[in-house]
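> with the input below, show me the fold.
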Amino acid sequence: MRQSRLRAAGGHKLTLVTARPTEDLADPLVIFRCLPEREREEFLRQYHQAVDAAHDPAGYQRLRRFLHVSSLTAAAAGQPGYYEELAAARAGTATTVPVIDAIPDWAERIAAANDGR
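Model (predicted):
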């Protein structure tokens, strides 16, 4: 990763970070390496099921969805406090924010999506 320093109006320092090409986050090996040890066995079980289903062209989308969701899971599970927050969500004790509060224009987005059907 390359960093360079810039000066903004008012003399504040800004750091510009440019990323180099990274690994494919949907690559099963990348996902496997990023998952915590406790998640790997289940990942392999579900991965083999999705690969088996992908032998039929209609099952290919299932494999793609599985790899996408698994890459998100790998990113989330690597964050501190992930398992505690997951347990709280399952127990109904997690602190939550209604989507209309978290995303102020949520209703407009839903209306626009519904109009585009």
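> pLDDT weak spots in this structure?
The model of the chain has pLDDT under 70 over residues 1-21, 117.
> that one: helices as residue ranges?
28-34, 37-54, 60-77, 82-91, 99-102, 106-115 (DSSP state H).
> dump the ones you listed into CSV; add mean neighbour count and distance to residue 22 as well.
The C-beta positions use only the backbone N, C-alpha and C, and glycine is treated the same way. Below are the helices of the chain laid out as CSV (neighbours: other Cβ atoms under 10 Å; distance: least, Cβ to Cβ, whole Å):
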stretch, mean neighbour count, distance to residue 22
helix 28-34, 16, 9
helix 37-54, 13, 20
helix 60-77, 16, 12
helix 82-91, 12, 21
helix 99-102, 10, 28
helix 106-115, 10, 29
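> nearest residue to the middle of the protein?
residue 72 (2.7 Å; Cα atoms, centre = their mean).
> quick one: residues contacting residue 54.
60, 62, 63 (Cβ atoms under 8 Å, 6 or more residues apart in numbering).
> my guess is residue 23 contacts residue 30. True?
Yes: with contact defined as Cβ atoms under 8 Å, residue 23 counts as touching residue 30 (4.7 Å).
> neighbours of residue 26, how many?
14 (other Cβ atoms under 10 Å).
> now residue 40: closest residue in space, sequence neighbours ignored.
The shortest distance from residue 40 to any non-neighbouring residue, by Cβ to Cβ, 6 or more residues apart in numbering, is to residue 32 (6.2 Å).
> list the contacts of that neighbour.
40, 43, 44.
> give me that answer again for 10 Å
39, 40, 43, 44, 47, 70, 74 (Cβ atoms under 10 Å, 6 or more residues apart in numbering).
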